[in-house]
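> below is the sequence, then the predicted model.
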Amino acid sequence: MVNETVLQAGSQASDRGDGHPHGVCLRGMPALLCCLLVCSAQGQEIDAQVGDIRDGSLSGAVHHINLYTEKGGRISPTSNFDQPYSPSETCGQCHDVDSISQGWHFTPAADANAAGRPGEPWIYVDIATATQIPLSHTPWPGTFQPADLGISDWNFIRLFGRHMTGGGPGVHDANTVVLPGDRWGPSGSLEINCLTCHSAELMHDQSVVSEQIARQNYRWSATASASFGYVKRSARRLKESYKPGDKASGGPQVSYDESRFFADNKIFLKLDRDVANTRCYFCHSTKVISLDAMDNLQDVHMASGMSCVTCHGHGLDHKIRRGYATEARETGSSQVGRFSCVGCHLPEEGMERPRAGQFTAPRPEHKGLPPIHFEKLSCTACHSGPWPRPETVMGKTSRSHALGTHGAHPADDRLPYVQLPVFAPGHDGKLQPHRLIWPAYWASVAGDDVVPLSPDAVKEAAGDLIPHRSELTGPSWPEMDSEKVKAILEALAASLEEGRKAGYVSGGQLFSIEGGQVVSRRHVAGEPYLWPLAHNVRPARQALGIRGCEDCHDQDAPFLFGEIAVNGPLVDPNERVSMTEFGGMDVAASRRFAATFGFRPLFKLVASASCVLMGLVLFWLVMRVLDGLIGGSLQKRE
């Protein structure tokens with residue numbers, strides 16, 4: 001049955017005669033309504049609103065609309081002095097916001113079975129306590145839930161809202177766990193901000209969100225970043241009892257650009273259904289710290305005219321296609337598989353209809369490449385990320401290093417330390433490039449049970465042993481030695497419950513006090529967290545193997561024998577781990593195998609010469625046989 005909201009919207013539009021109840025001019029509306037009526041007659045349920053259904057026209061919708069407050073009131077630029085616009089209420093007039101809110105950008109997958117391939121975590125950094133730890137609401141192995149460190153939803157937004165699209169933990173509702181210090185009353189919720197991705201306005205400034213988050217202006221951030229509003233003042237000093245509309249409170253105020261509003265208080269917004277690359281880049285940029293400019297060249301797909309959403313599209317539920325090899329099998333959607341590397345470049349033979357060449361994807365020939373490579377390697381192993389070096393290089397990402405925001409620290413050596421490319425087995429067991437961080441954090445330990453402690457708890461227990469912000473010398477690790485670590489561990493131990501002791505995780509090691517001394521041991525709690533490096537994709541002529549087998553199989557080839565620095569306080573700065581260890585391979589056996597490639601040219605020469613010699617011998621034998629047969633035949637005739 002057709003959603004009642006759709007029918008009501010259509011009837012209101014007809015009654016008012018303005019084409020749409022809220023001013024959105026949808027081309028082809030008659031055809032759309034006919035489609036809805038046909039579907040209704042056939043008994044099909046449409047769980048979508050008018051703005052979510054396309055009638056087949058390739059032209060876009062014109063958004064001439066009213067703005068709405070979070071209470072559902074229409075905004076007037078001259079009277080709503082402190083009322084920011086609400087994306088949920090405004091866009092929800094025509095779009096199914098509840099369905100959209102289930103998208104990966106807004107609501108993380110809490111179910112481990114739906115988590116999919118591990119992705120980029122939020123990396124919580126506290127320099128004073130020498131902490132860098134990967135966080136995620138999605139249960140990816142190697143990450144921690146924010147609640148494990150006592151981080152409430154409100155504080156999670158304070159830390160990372162700068163690069164969030166809103167929704168999920170940003171929305172204060174009946175399910176929100178409120179901890180002491182949370183200030184949902186003054187700050188409001190960080191709603192899903194549709195303009196973050198879909199705005200095509202030149203003056204839309206997403207970097208302003210970080211400033212608004214710092215001011216605790218969560219509910220105002222969407223308006224401040226938009227092209228039609230300006231927000232001044234901060235919610236940081238407001239009382240918890242603050243309610244919007246209180247002029248005497250001194251709370252944030254909104255100034256709307258009156259020139260943007262028409263006489264009916266409607267505003268024209270330039271929106272793109274197909275999101276522009278620059279919108280994606282704000283949260284998904286990676287800077288390779290290298291002197292080689294080619295390491296930061298544009299992805300080959302972008303250079304050919306494609307966009308991020310060409311591959312990473314979605315339906316109404318906004319569960320964006322991630323594009324990895326096993327995604328189709330895990331989601332049960334064959335359509336998803338069409339947008340993986342293999343789906344575009346190597347479509348299966350014998351399909352119901354031909355799929356080759358979509359998006360003009362060339363079919364790779366891979367001449368002379370043994371088939372075992374396709375069993376052991378992902379496509380990205382040869383084609384993605386910077387060209388491997390003898391030692392991994394450092395990188396900075398938007399989400400990890402607040403790239404693109406005002407006041408982001410420009411230093412290339414600032415925490416967190418992200419290394420790339422690291423070749424290790426991926427989600428499907430195939431070797432592929434990754435980014436890597438070594439976690440570092442203080443912990444409560446009982447046997448092999450290691451539970452991270454929040455930096456705030458560490459500071460409270462250790463007191464003056466933790467350096468003050470003014471004492472820090474830079475954005476890197478603070479100075480630490482075994483004596484200082486011992487003192488902090490003893491202070492922490494005194495604050496823990498009986499039966500548990502304090503520990504510090506760094507560089508793959510767990511440091512603790514045994515017999516009055518600080519000792520260390522390898523521990524799974526210190527294992528690095530890796531997430532795939534799928535972009536930027538290099539052209540085929542820059543892929544590994546383009547110069548021959550030696551690109552990967554030489555005895556000094558970084559692909560197999562590159563080194564990863566073990567990073568963290570108390571770690572030997574010269575400690576390295578071989579790439580073969582991350583690849584799950586035996587180092588000695590790999591080197592013996594690589595050594596054979598030095599003799600392969602000679603082997604090929606000897607083999608070729610042997611084949612020629614064997615051919616000549618065979619030819620001589622054949623000629624002898626023929627000579628005998630012909631001779632015998634002649635003798636019989638005589």
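Great, that's in hand.
> can you tell me how far C611 is from T596?
20 Å (C-beta to C-beta, to the nearest Å). Using the backbone N, CA and C atoms, a C-beta is placed for each residue, glycine as well.
> where does pLDDT dip in the stretch 301-450 of the chain?
349-356 (pLDDT under 70).
> the strands in it, which residues?
393-397, 418-425, 431-437, 441-446, 449-452 (DSSP state E, counting those that start in this stretch).
> can you redo those strands as JSON lines with mean neighbour count and distance to V208?
Putting the strands of the stretch 301-450 of the chain into JSON lines (neighbours: other C-beta atoms under 10 Å; distance: least, C-beta to C-beta, whole Å) gives the following:
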{"stretch": "strand 393-397", "mean neighbour count": "21", "distance to V208": "20"}
{"stretch": "strand 418-425", "mean neighbour count": "23", "distance to V208": "26"}
{"stretch": "strand 431-437", "mean neighbour count": "24", "distance to V208": "28"}
{"stretch": "strand 441-446", "mean neighbour count": "22", "distance to V208": "32"}
{"stretch": "strand 449-452", "mean neighbour count": "17", "distance to V208": "33"}
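> and those strands as JSON lines, adding distance to S307?
Converted to JSON lines, the strands of the stretch 301-450 of the chain look like this (distance: least, C-beta to C-beta, whole Å):
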{"stretch": "strand 393-397", "distance to S307": "20"}
{"stretch": "strand 418-425", "distance to S307": "24"}
{"stretch": "strand 431-437", "distance to S307": "23"}
{"stretch": "strand 441-446", "distance to S307": "38"}
{"stretch": "strand 449-452", "distance to S307": "39"}
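> which one of the ones you listed lies nearest to A491?
strand 441-446 (10.3 Å; C-beta to C-beta).
> got the contact list for the residue nearest to S152 when sequence neighbours are not counted?
Closest residue to S152 in three dimensions, ignoring its sequence neighbours and counting by C-beta to C-beta, 6 or more residues apart in numbering: L179, at 4.1 Å. Taking C-beta atoms under 8 Å, 6 or more residues apart in numbering, we find L179 in contact with G150, S152, W154, N155.
> and L621, what's its pLDDT?
At L621, the predicted lDDT confidence score is 90.
> swap in D272?
Confidence score, pLDDT, at D272: 91.
> try H22
Confidence for H22, expressed as pLDDT, is 47.
> in the chain, which ranges drop under the pLDDT threshold?
1-48, 110-113, 349-356, 470, 473, 598-600, 634, 636-638.
> tell me the secondary structure of the residue most central in space within it, please.
Closest to where the C-alpha atoms of the chain average out (C-alpha atoms, centre = their mean) is E120, at 4.5 Å. Three-state call for E120 (DSSP: H, G, I helix; E, B strand; the rest coil): coil.
> surely it and L530 touch.
No: shown here, E120 and L530 do not form a contact pair, counting by C-beta atoms under 8 Å, at 10.6 Å.
> quick check: closest non-adjacent residue to Q335.
Per C-beta to C-beta, 6+ apart, closest to Q335 is A328, 7.9 Å.
> residues contacting that neighbour?
The contact partners of A328, by C-beta under 8 Å, 6+ apart, come to S334, Q335, V336, G337, S340, G343.
> please repeat the previous calculation with a cut-off of 10 Å.
Residues in contact with A328, defined by C-beta atoms under 10 Å, 6 or more residues apart in numbering, are R321, S334, Q335, V336, G337, R338, F339, S340, V342, G343.
> just the buried members of the residues you listed?
Buried residues within the contacts of A328, counting neighbours by 16 or more other C-beta atoms under 10 Å: R321, V336, G337, R338, F339, S340, G343.
> residues of the helix or strand in which F603 is found that come out buried?
F603 is part of helix 600-637, with elements assigned from DSSP states H and E. Of all the residues in helix 600-637, not one is buried under the rule 16+ other C-beta under 10 Å.
> close enough to count as contact, M394 and D295?
No: if you go by C-beta atoms under 10 Å, M394 and D295 don't touch, sitting 11.2 Å apart.
> any residues in contact with both of the two?
Shared contacts of M394 and D295, counting by C-beta under 10 Å, 6+ apart, come down to K287, V288, I289, L420.
> which of those are buried? Put it as a PyMOL command.
Buried members of those, defined by 16+ other C-beta under 10 Å, are picked up in PyMOL with:
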select buried, resi 287+288+420
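> which among the shared contacts of M394 and D295 gets closest to H523?
H523 has its nearest neighbour among the shared contacts of M394 and D295 in L420, at 24.2 Å by C-beta to C-beta.
> how about Y256, nearest residue that isn't a chain neighbour?
P77 (3.7 Å).
> er, R162 I mean
S210 (3.7 Å).
> how about the contacts made by that neighbour?
Taking C-beta under 10 Å, 6+ apart as the test, what S210 contacts is G161, R162, H163, S221, S225, A402, G404, T405, H406, G407, A408.
> how about the nearest residue to H95 once chain neighbours are set aside, secondary structure?
Sequence neighbours aside, G51 is the residue nearest to H95 in space, at 4.5 Å (criterion: C-beta to C-beta, 6+ apart). Under three-state DSSP, the three-state class of G51 is helix.
> looking at it, G51 is touching S99, isn't it?
No: judged on C-beta under 10 Å, G51 makes no contact with S99 at a distance of 11.8 Å.
> overlap in contacts of the two?
Joint contacts of G51 and S99 (C-beta under 10 Å, 6+ apart) do not exist.
> those two - which one has more neighbours?
For G51 versus S99, neighbours defined as other C-beta atoms under 10 Å are more numerous around G51 (20 against 16).
> how much space separates the more buried one from A226?
19 Å.
> how about G56?
Applying C-beta to C-beta to G56 and A226 gives a distance of 31 Å.
> of the two, who's got more company?
A226 (29 against 8).
> for the more buried one, which non-adjacent residue is closest in space?
Nearest to A226 is L195, by C-beta to C-beta, 6+ apart, at 5.7 Å.
> follow-up on the earlier one: got the buried ones among the contacts of A328 as TSV, with distance to F559 columns?
What follows is these, written out as TSV (distance: C-beta to C-beta, whole Å):
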residue	distance to F559
R321	28
V336	29
G337	28
R338	30
F339	27
S340	22
G343	25
